[in-house]
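>>> sequence and predicted structure are below.
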Amino acid sequence: MGAVSALLLAASASASEAPIAIAPAVSASIGLDITGLRSEKGNVLVCLSANPDYFPDCSKDKKARKLKVSATDAGNIQIPGVKPGTYAVALVHDENSNGKMDLRLFLPREGFGFSRNPKIGMGPPKFKSAQFTVGADDAHYAVRMKYIL
């Protein structure tokens, strides 16, 4: 009864201890319904940022979520695993697939869009006008692409 009994006794003692509760990681999925693409050429570049200092150009934002989606598949874009917080989304319709927004005389030559579809004046919108809050529930937002040239 020596070693086997001691092993069973130790197992039953540890089994009677309360299990440690591990909270599940909270995250949500964000769905973007994109309308107004003028063509199915190229890609749609998506930037989900929580940092107003890097909005709307999040190329230097190391924490931003960046996606490249073929324009033919960009009607509905899913961003999974988003932690609760305040975010804003910027989109570029990169029609020539060069990975950036092309400009002509400081005006965008390709399409763009932002979460909450803020009015566009001189220059891009501020983070505050495009921001939204993510909790534990999945969310869907409609984004209308705009073209100047």
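That came in fine, so what should we check first?
>>> going forward, measure contacts between C-alpha atoms and count neighbours the same way
Noted.
>>> for Lys83, what are its contacts?
Val26, Ser27, Ala28, Val134, Gly135, Ala136 (CA atoms under 8 Å, 6 or more residues apart in numbering).
>>> quick check: it vs Ile34, distance?
Distance, Lys83 to Ile34, using CA to CA, to the nearest Å: 22 Å.
>>> rewinding a little: and of the contacts of Lys83, the nearest to Gly121?
The closest of those to Gly121 turns out to be Val134 (CA to CA; 26.7 Å).
>>> count the residues that sit near the residue nearest to the closest one when sequence neighbours are not counted.
With sequence-adjacent residues excluded and distances taken as CA to CA, 6 or more residues apart in numbering, Val134 is closest to Pro84, at 4.9 Å. Applying other CA atoms under 10 Å, we find 14 residues neighbouring Pro84.
>>> I'd assumed Val26 was in contact with Pro84.
Yes - contact criterion CA atoms under 8 Å: Pro84 and Val26 qualify, at 7.3 Å.
>>> any residues in contact with both of these two?
With CA under 8 Å, 6+ apart as the test, Pro84 and Val26 both reach Ala136.
>>> after the helix or strand hosting Ile34, next one along is what?
Assessed by DSSP states H and E, Ile34 sits inside strand 28-35. Downstream of strand 28-35, the next assigned helix or strand under DSSP H and E is strand 43-49.
>>> what strands line up against that following strand, and which way round?
Within its sheet, strand 43-49 is paired with strand 65-70 (antiparallel), strand 85-94 (antiparallel), according to DSSP bridges.
>>> could you export these as JSON lines, including mean pLDDT and mean neighbour count?
Below are these laid out as JSON lines (pLDDT from 0 to 100; neighbours: other CA atoms under 10 Å):
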{"stretch": "strand 65-70", "mean pLDDT": "97", "mean neighbour count": "18"}
{"stretch": "strand 85-94", "mean pLDDT": "98", "mean neighbour count": "23"}
